[in-house]
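Q: pasted the sequence and its predicted model underneath.
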Amino acid sequence: MSSRYLFVPSGWIRSNAPLNNAVGRFVPQLARLTIKFCKERAGSEGVRHFIERDVVAFAAANPQTVVYLKPRRNRTPVLVAEYLNGNRHWQSLEKYSREDVGAWLDVVRTASGKEFQTQNKMEYTETPTVQGMWNSFTNANPSTAAATFPEERLSRPFPHEKTASERLRELFEKQGKSEEEDESPKSREEQLQLEREKQH
């Protein structure tokens, strides 16, 4: 293991910023975005294409973020993201395509700005499970992976029990069918009697 992993900060999950965001209203954490590029260098070609075609649409779709374009002569293209908690993330865009630049802007746009850290927890075990962390799909039926959504069977809560309204509806439908079956032979007999009376 590299020594760089020995200096990763650690903390509790509740201290990761901001956990309560969007409880009342959502506050985007990206405050300022600076794209530094060269107008002539080949390594900045993808960044220039992104600026010519996509940066205006990105700024219009994210009015909460200030976007700065900073041309620099013969320098490596750089993306600098500044967040509300004061942290700054730096990302090199050397020889990145237009699509890669857009993908990295989407990454920093949706990030919280908190530095990477190891999450502390209250539980400890010397024999951790090899299956990984539990999630809602751990014991799910593998056939759901090939299902085409929306699907009524998988959209119901599990386990699904019939409600009182559904049971009453089923009883009403059964009662209606039984009444129709009881009335159908009587109506035939009545029709035959009426035809006989008309003949006489």
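A: Structure's in. What do you need? Not measured: the values here are computed from a predicted model.
Q: any stretches of this structure with poor pLDDT?
A: 1-7, 12-20, 22, 131, 158-160, 179-188, 200 (pLDDT under 70).
Q: got the domain boundaries for it?
A: 7-118, 162-200 (automatic domain parsing).
Q: which one of these is the most hemmed in?
A: Comparing the domains of the chain by mean neighbour count (mean count of other CB atoms under 10 Å), domain 7-118 ranks first with a mean of 14. The way it works is simple: take the backbone N, C-alpha and C, and place the C-beta from them, glycine included.
Q: coming back round to it: can you put the domains of the chain in CSV and add distance to residue 151?
A: CSV is the format used below for the domains of the chain (distance: least, CB to CB, whole Å):
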stretch, distance to residue 151
domain 7-118, 29
domain 162-200, 19
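Q: for residue 105, phi and psi?
A: phi -60, psi -30 (degrees, to the nearest 10).
Q: excluding sequence neighbours, find me the nearest residue to it.
A: residue 58 (6.3 Å; CB to CB, 6 or more residues apart in numbering).
Q: got the contact list for the one you found?
A: If you count contacts by CB atoms under 8 Å, 6 or more residues apart in numbering, residue 58 has them with 67, 102, 105.
Q: which strand is the longest one in the protein?
A: strand 30-37 (DSSP state E).
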